[in-house]
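> What shape does this take:
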Amino acid sequence: MLAFETNCHIFSGCGFPSPGLNSFVFKPLFTVGGVHFNKPMLLAVLSTIVVVGFFWAAFARPKLLPGKLQMVGEAGYDFVRRGVVHETMGRKEGEKFVPLMVTLFFFIWIMNLWAIIPIAQFPVTSIIAFPAGLAAIVYLTWMTLTFKRHGFVGGMKSLCGYQKGLGAVAFLVFPLEFLSNTIIRPFTHTVRLFANMFAGHLLLLIFTVGAWYTLNGIGIAYSAVAFVMVVVLTLFELFIQALQAYVFVVLASDYVRGAIAGH
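Reported below is the predicted structural model:
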């Protein structure tokens with residue numbers, strides 16, 4: 001329970017109700033076919049509807065002279081296409097992966113944005129299962145392309161960082177590269193997104209609850225400072241939300257590039 005849901009204030013005899021892991025645990029809202037839907041799951045579904053609905057509306061009837069919605073859709077699509085995929089993989093190899101990367105970017109961005117949307121006020125990606133699921137999709141795509149493009153032996157060489165002339169250090173390089181490519185990279189791909197959104201949401205909660213908790217007597221001065229921090233952190237979160245979606249897609253593109261590289 002958050003502080004603003006109670007009459008708990010400083011100098012009123014109650015301690016500071018600091019947010020913690022309990023702020024990331026949600027009870028089921030409803031059940032469909034035996035599947036319990038809680039708030040993060042519902043927001044993830046809504047994110048899918050928002051992304052699909054936006055691009056459907058923008059490109060259902062494309063015009064040579066685009067309207068405002070089509071123009072925004074084209075700008076967003078082109079940003080990922082040219083600024084991420086083409087820059088990472090090249091136009092020839094990367095074009096076929098543009099739909100995947102565009103979907104990942106906007107899906108993650110919308111899930112992050114819920115953190116500052118009234119009523120929702122929760123970033124879906126601060127639940128590690130969601131970043132892990134998306135990272136797993138990238139990982140399976142990466143591994144499939146690696147062995148499909150290079151065969152089993154060539155794929156293993158790629159994952160082990162095989163190069164001629166390594167000599168005696170090969171016995172060190174091979175296991176480290178294999179561990180990095182098969183375990184560390186997908187793990188950090190997941191945790192980087194999860195940890196940033198988890199920490200950001202927790203900070204917002206602490207200062208929001210703190211602003212309410214200190215709203216009593218002389219504590220009003222502290223409450224004002226906490227409120228200013230809420231505004232500053234909210235603006236900072238807007239930047240981080242987009243940045244983390246961008247970083248996730250850049251890394252995903254880089255992993256796919258490594259799978260399809262000729263060398």
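> Show me what the longest helix anywhere in the chain is packed against.
When the chain is parsed with DSSP state H, its longest helix is helix 220-260. Other helices and strands packing on helix 220-260, by 3 or more CB pairs under 8 Å, 6 or more residues apart in numbering; DSSP states H and E, are helix 87-89, helix 91-94, helix 98-113, helix 129-160, helix 185-213. Every C-beta, even on glycine, is put in place using the N, C-alpha and C of the backbone.
> tell me which residues of the helix or strand that contains Leu176 are tucked away?
Leu176 belongs to helix 170-179 when elements are defined using DSSP states H and E. Buried residues in helix 170-179, counting neighbours by 16 or more other CB atoms under 10 Å, are found at Phe174, Glu177.
> what's next to that helix, contact-wise?
Around helix 170-179, the neighbours that count as contacts under CB atoms under 8 Å, 6 or more residues apart in numbering are Leu159, Cys160, Gly161, Tyr162, Leu166.
> swap the cut-off to 7 Å and go again
Residues outside helix 170-179 that contact it (CB atoms under 7 Å, 6 or more residues apart in numbering) are Leu159, Cys160, Gly161, Leu166.
> neighbour-wise, which of those leads?
The most neighbours of any of the contacts of helix 170-179, using other CB atoms under 10 Å, belong to Leu159, which has 22 neighbours.
> Distance of that one relative to Tyr255?
Distance, Leu159 to Tyr255, by CB to CB, to the nearest Å: 11 Å.
> Repeat that for Trp142.
5 Å.
> next one: Gly83
Distance from Gly83 to Tyr255, by CB to CB: 17 Å.
> between these two, which one's more packed in?
Tyr255 (22 against 13).
> close enough to count as contact, that one and Ile137?
No: using CB atoms under 7 Å, Tyr255 is not in contact with Ile137; the gap is 11.2 Å.
> Overlap of the contact sets of the two?
Going by CB under 7 Å, 6+ apart, no residue sits against Tyr255 while also sitting against Ile137.
> Mutual contacts of Trp142 and Tyr255, please.
Common neighbours of Trp142 and Tyr255, using CB under 7 Å, 6+ apart, do not exist here.
> Could you tell me whether Thr31 really is in a strand?
Yes: membership of Thr31 in a strand is supported by DSSP: H, G, I helix; E, B strand; the rest coil.
> just to revisit the earlier point, could you check the angle the helix holding Leu176 makes with helix 129-160?
If you take axes from the mean of the first three to the mean of the last three CA atoms, to 10 degrees, helix 170-179 sits at 150 degrees to helix 129-160.
> how about helix 170-179 as PDB, C-alpha atoms only?
The C-alpha trace of helix 170-179 is given here as PDB (Å, rounded to 0.1, in the frame of the first residue of the first chain):
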ATOM      1  CA  ALA A 170      43.000 -20.400 -28.300                       C
ATOM      2  CA  PHE A 171      42.200 -22.600 -25.200                       C
ATOM      3  CA  LEU A 172      41.400 -19.400 -23.300                       C
ATOM      4  CA  VAL A 173      39.600 -17.500 -26.100                       C
ATOM      5  CA  PHE A 174      37.300 -20.400 -27.200                       C
ATOM      6  CA  PRO A 175      35.500 -21.000 -23.900                       C
ATOM      7  CA  LEU A 176      35.300 -17.300 -23.000                       C
ATOM      8  CA  GLU A 177      33.800 -16.400 -26.400                       C
ATOM      9  CA  PHE A 178      31.400 -19.400 -26.300                       C
ATOM     10  CA  LEU A 179      30.300 -18.400 -22.800                       C
END
